[in-house]
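Visitor: Got a sequence here, can you model it:
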Amino acid sequence: MAVAEFIPSSSLTKTTSLYPSQFLHVSTHKPRLSLTPLRRSKICCSVISNAPVPVAKEPTKKTECFGVFCLTYDLKAEEETSSWKKLINVSVSGAAGMIANHFLFKLASGEVFGPDQPVALKLLGSERSIQALEGVAMELEDSLFPLLREVSIGIDPYEVFQDAEWALLIGAKPRGPGMERAGLLDINGQIFAEQGKALNAVASRNVKVIVVGNPCNTNALICLKNAPDIPAKNFHALTRLDENRAKCQLALKAGVFYDKVSNMTIWGNHSTTQVPDFLNAKINGFPVKDVIRDSKWLEEEFTEKIQKRGGVLIQKWGRSSAASTAVSVVDAMRSLVTPTPEGDWFSTGVYTNGNPYGIAKDIVFSMPCRSKGDGDYELVKDVLMDDYLRSRIKKSEDELLAEKRCVAHLTGEGIGICDLPGDTMLPGEM
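Guide: Okay, the predicted model is just below:
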C-alpha cells in the first residue's frame, strides 16, 4: 500500500502554493500524493437590516487526503464482504474547540451509530484554528479507530458541509464581558445564517442538524430559515444536557441511581427560563411528585438548580462545560437513531409548527419527543399540564418570541427589533 506524504503547515514557505488555511480532505478510495490550494474564506459579521439573501456559492470539488487516511484500499469492495454499513458523512463546526474535542472521539469509536457503522468526519474551523484542526486530525489518526474512514478539515462551510448527513453546529462566540444578550444573538446569528445557507446549498436533503452554539434555540431558528430546502423538522437545538442534569438532581434527591428517572422533559429555551418538568417525570415508574413530596423543593430549589447549573459550573471549573456537553450531544443523536424505550421520551428543541401544546408557531422550543430510530421523531401527546407548568412555559415562550423579533433581519422577516424581557444569562455563557 502507498502512503501519501503529509506536509505540515509549519513547513510551508512563501514559495509554496498552499495556504495555511487549506482545506484538507481524506479520501480512502485511492492514494493522492499532493495537496491543492483552495481559496480563503471568512464569515462576515457586519449587519445590514433587510439585507438580501446572498446567492449560494457553487460547491467546490473534493480536495486531497490527510495522513494515514491516504492508505490505498477499496472501501466499496470491503463493504461487499463485510457486515459494515454505508459510510455516514458527519460535519462538525467549531471542531477545534473543547466540546468537539470530546465529542469527535466518541463518535469515531462507534458510540453514536454503533460498532458496524463507518463514518467520515468533516471538520469546520476558522483561519485562526486551522493548525489546531490539523492537530485534531492527527489525534484521530493516532487513535486507530477502525470505523473512521475519512477526515477532512476546512474553513469554508460550503466545502465542509458537502453531502453532510449529520451536521453538529458547535462553534459560536461566547458572550464576553459587557456584551448585551442582543449583541450575542446578532453576532452568532450571522454565523448560523451563513451555515444555514451552506447546508441548503450542498448538504444532503435529509441532513439532521443539531445546534449546540448558544443561544442555540434562536440560532437553530435562524439556521433553518436560511435553509428552506431542508425540512424544518430536521433542525434541533441541544437541550439534552439540561435533561441529563435534571435526571441527576432528581435521582440524588430520591436516593436512586439516575437510570431510574424517566420521562424527563425540558420545556422552552436553553436559558434560565427553561422549565424542567417534574410533573410528568417518573422515578421507578412512579410520578416524581409521589416519590418526592417536597413541592417547595421541586418548584424552587430543583428548578433553579437546573436553570443555573451552567453558571455554577463556570464558577467552580473556570470555564463552561465541555465533556458533559459532548456526552449530551451523543445522547441527543443516539435518541434519534435508536428507538425510544416504550413509554419514555427525550427532550430536544424543535420547530413548533403543528405542536399539540398550544405553544406559539415558528420558534424552536424544547419539547418531549419519541423516535422510531430512523433519525426522525414525533411529539409526545400524552403529557399532563397544570397552571404552574403552563405559566412557566409561557415565560420561556415569550422570551423566544422576543429573540425571534431581535433577529428578524437574519431570518428574512424585516428589521430586527430587540425588546428582550430581561437578560436571562444562558447556561454556559461567560
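Visitor: Please give me every residue in contact with the closest residue to residue 344 other than its chain neighbours.
Guide: Excluding its sequence neighbours, the residue lying closest to residue 344 (C-beta to C-beta, 6 or more residues apart in numbering) is residue 262, at 4.8 Å. Yep, even glycine has a C-beta here, placed from its N, CA and C like the rest. By C-beta atoms under 8 Å, 6 or more residues apart in numbering, residue 262 lies in contact with 281-283, 285, 341, 343-344.
Visitor: Quickly list what residue 262 is bridged to.
Guide: Residue 262 has these beta-bridge partners by DSSP bridges: residue 282.
Visitor: Over to the one 5 residues further on?
Guide: Each beta-bridge partner of residue 267 is listed here, defined by DSSP bridges: residue 275.
Visitor: Contacts only, for it.
Guide: Residues counted as contacts of residue 267 (C-beta under 8 Å, 6+ apart) are 274-275, 277, 365-367, 389, 392-393, 396.
Visitor: Nearest to residue 226 among these?
Guide: For the contacts of residue 267, the minimum distance to residue 226 (C-beta to C-beta) is 19.0 Å, reached by residue 365.
Visitor: Counting neighbours, what do you get for the closest residue to the closest one other than its chain neighbours?
Guide: In this structure, residue 365 finds its nearest non-sequential neighbour in residue 352, 4.9 Å apart by C-beta to C-beta, 6+ apart. Neighbour count for residue 352, taken as other C-beta atoms under 10 Å: 21.
Visitor: And residue 140, by the same measure?
Guide: Neighbour count for residue 140, taken as other C-beta under 10 Å: 23.
Visitor: cool, residue 319 as well?
Guide: Residues contacting residue 319 under the criterion other C-beta under 10 Å number 12.
Visitor: Check for me that it belongs to a helix.
Guide: No - counting by DSSP: H, G, I helix; E, B strand; the rest coil, residue 319 is located in no helix; its state is coil.
Visitor: For it, give me its contacts.
Guide: Residue 319 makes contact with residue 98 under the criterion C-beta under 8 Å, 6+ apart.
Visitor: mind starting the numbering at 46 from now?
Guide: Sure, I'll start counting at 46 from here, so that last one is residue 364.
Visitor: what helices or strands is the host helix or strand of residue 227 leaning on?
Guide: Using DSSP states H and E, residue 227 sits within helix 226-247. The helices and strands touching helix 226-247, judged by 3 or more C-beta pairs under 8 Å, 6 or more residues apart in numbering; DSSP states H and E, are helix 202-205, strand 211-214, helix 261-270, helix 432-451, helix 453-456.
Visitor: Shouldn't residue 296 be within a helix?
Guide: Yes - under three-state DSSP, residue 296 falls within a helix.
Visitor: neighbours around it, how many?
Guide: Neighbours around residue 296, by other C-beta under 10 Å: 16.
Visitor: distance of it from residue 213?
Guide: The spacing between residue 296 and residue 213, counted by C-beta to C-beta, to the nearest Å, is 28 Å.
Visitor: So residue 194, which state does it fall into?
Guide: Counting by three-state DSSP, the backbone at residue 194 sits in strand.
Visitor: got any ranges where the stretch 96-245 of the chain has weak pLDDT?
Guide: The model of the stretch 96-245 of the chain has pLDDT under 70 over residues 96-111, 113-129, 220-224.
Visitor: same thing but at 90, please
Guide: 96-131, 217-231 (pLDDT under 90).
Visitor: That one: strands as residue ranges?
Guide: 133-138, 164-169, 193-199, 211-214 (DSSP state E, counting those that start in this stretch).
Visitor: any chance of these in JSON lines, plus distance to residue 313?
Guide: Shown next, in JSON lines, are the strands of the stretch 96-245 of the chain (distance: least, C-beta to C-beta, whole Å):
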{"stretch": "strand 133-138", "distance to residue 313": "24"}
{"stretch": "strand 164-169", "distance to residue 313": "29"}
{"stretch": "strand 193-199", "distance to residue 313": "35"}
{"stretch": "strand 211-214", "distance to residue 313": "20"}
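Visitor: Just say which of these is most tucked in.
Guide: Across the strands of the stretch 96-245 of the chain, averaging neighbours per residue (mean count of other C-beta atoms under 10 Å) puts strand 211-214 on top, at a mean of 28.
Visitor: centre of the chain versus that strand, how much separation?
Guide: Strand 211-214 has its C-alpha centroid displaced from the chain centroid by 6 Å (C-alpha atoms, centre = their mean, to the nearest Å).
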